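Student: Got a predicted structure plus its sequence, pasted below:
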Amino acid sequence: MRQIMWGAMLAVGVAGPALAQTAGSGGDPQKGGELARTWCGGCHVVEARPAAASDQAPGFLAIANRPGTTADGLRAFLSAPHGRMPNLTLSRQDIDNTVAYLLALKGR
């Protein structure tokens, strides 16, 4: 039992800083917006003040303002294939930028 506790404490001590770095790694919301308009705008409304609506997929404003929307959740979603969406292979920086853009829409 004592070995398990020490192992768990060691894992938290090693993983903690890495998780904090991942959660805090900032992206560029402007670049994320550009990427979203290019790759996502065909189905999603990506603007904070859309001129038109889409019935194909939820708008980025709606996604940003969902109660459960978090940076980690968005990163996980964007890192894996998702349903009817095209299978985009995004770099870690593209994901961070897109997450930063989505979170910048929160509360609007």
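Tutor: All right, it came through fine. Numbering: from 1, shown residues only.
Student: any chance you could read off phi and psi for Leu74?
Tutor: phi -70, psi -40 (degrees, to the nearest 10).
Student: from what I can see it touches Val99, true?
Tutor: Yes: with contact defined as Cβ atoms under 8 Å, Leu74 reaches Val99; the gap is 4.6 Å. Quick note: C-beta positions are derived from backbone N, CA and C, even for glycine.
Student: Look at these two and report which has more neighbours.
Tutor: More crowded of Leu74 and Val99, by other Cβ atoms under 10 Å: Val99, with 24 against 20.
Student: how would you label that one: helix, strand or coil?
Tutor: The three-state label given to Val99 by DSSP: H, G, I helix; E, B strand; the rest coil is helix.
Student: same check, this time on Gly83
Tutor: Using three-state DSSP, the structure places Gly83 in coil.
Student: what's the neighbour count on Ala80?
Tutor: Around Ala80 there are 7 residues (other Cβ under 10 Å).
Student: Compute the first-to-last residue distance for stretch 37-54.
Tutor: The first and last residues of stretch 37-54 sit 13 Å apart, counting by Cα to Cα, to the nearest Å.
Student: In that stretch, which of the residues would be classed as buried?
Tutor: Within stretch 37-54, the residues that qualify as buried are Trp39, Cys40, His44, Val45, Val46, Glu47, counting by 16 or more other Cβ atoms under 10 Å.
Student: Touching, Val45 and Asp55? I think so.
Tutor: No: in this structure Val45 lies outside contact range of Asp55 using Cβ under 8 Å: 10.1 Å.
Student: For Tyr101, see how far away the residue nearest to the spatial centre of the chain is.
Tutor: In the chain, the centroid-proximal residue (Cα atoms, centre = their mean) is Leu74; its distance is 2.8 Å. To Tyr101, Leu74 is 10 Å away according to Cβ to Cβ, to the nearest Å.
Student: His44 now?
Tutor: 12 Å.
Student: Which neighbours do those two have in common?
Tutor: Residues touching both His44 and Tyr101 (Cβ atoms under 8 Å, 6 or more residues apart in numbering): Ala36, Phe60.
Student: Might you report the residue contacts of Val45?
Tutor: Val45 touches Ala52, Ala53, Ser54, Gly59, Phe60, Leu61, counting by Cβ under 8 Å, 6+ apart.
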